[in-house]
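A.B. asks: sharing a model prediction with you, sequence too.
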Amino acid sequence: MVELLQRLHAALPKLETWIDDLHARHRIEAVLGSGLPFPRLTAAFPADLLSATQVASVSPLPFPPVSEYGLPEFQTMANMPMAGITFRDMYFVHPEYSSAGVHFHELVHVLQWRALGVRPFLLTYALGVLQCGYERSPLEAIAFNLQAQFEEGTPARSIADYVTRHALQTRDAAALLFRANGIEMGV
Ligand SMILES: [Zn+2]
């Protein structure tokens with residue numbers, strides 16, 4: 001485990017650069033979250049989050065070259081069919097799967113990236129996938145659960161505080177495990 005955590009940590013600079021480049025390539029075509037035609041999203045997310053979020057419709061969805069970065073453990077995730085994926089304050093939706101629920105799910109991830117910052121998010125997210133698998137990893141499970149409630153028509157409520165608190169708790173648990181293996185998350 002410690003060797004894998006070290007590889008994760010070592011890949012952070014490359015992942016950050018990859019995300020910067022991805023944003024630069026898609027900035028022009030992206031629309032703002034505040035301009036999406038889904039009124040129920042407005043009730044669930046803070047206005048400043050929606051207006052600071054960029055949304056791009058692309059196929060195939062982008063995914064970092066994890067094997068090239070020394071993390072072949074995540075290659076199966078790269079090959080999984082996904083409806084959307086979020087990197088920092090920009091998310092990507094596959095045009096064939098665009099729905100209010102999918103946008104809701106990715107906006108939960110935008111909240112998580114915002115709460116944690118880039119490197120702690122990447123480490124926390126990756127550890128969750130390694131320990132629990134993709135769908136049951138903590139930062140995904142909460143997004144899927146809230147998305148299901150949203151799609152069932154549960155009256156929209158502000159979820160920012162709830163998602164932020166959960167993200168910070170998950171990060172703190174992950175930071176302890178990294179620290180026990182001699183790696184500082186830097187939070
Ligand atoms: Zn997700």
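C.D. replies: On my side now, so go ahead.
A.B. asks: output the lowest mean pLDDT helix or strand found in the chain.
C.D. replies: helix 39-44 (a mean of 88; mean pLDDT, DSSP states H and E).
A.B. asks: could you pull out the buried residues of it?
C.D. replies: Within helix 39-44, the residues that count as buried by 16 or more other C-beta atoms under 10 Å are 41, 44. Glycine gets a C-beta too; all of them are placed from N, C-alpha and C.
A.B. asks: going on from it, what's the next piece of helix or strand?
C.D. replies: Later in the chain than helix 39-44, the nearest helix or strand by DSSP states H and E is helix 47-51.
A.B. asks: tell me the residues on this protein that lie near the ion, please.
C.D. replies: By the rule C-beta under 5 Å from the ion, the part of the chain lying against the ion is 140, 143.
A.B. asks: give me the contacts around the least confident helix or strand of the chain.
C.D. replies: Helix 39-44 has contacts (C-beta atoms under 8 Å, 6 or more residues apart in numbering) with 33, 50, 100, 103-104, 107, 150, 156-159.
A.B. asks: which two among those residues are spaced furthest apart?
C.D. replies: Gly33 and Arg157 (18.0 Å; C-beta to C-beta).
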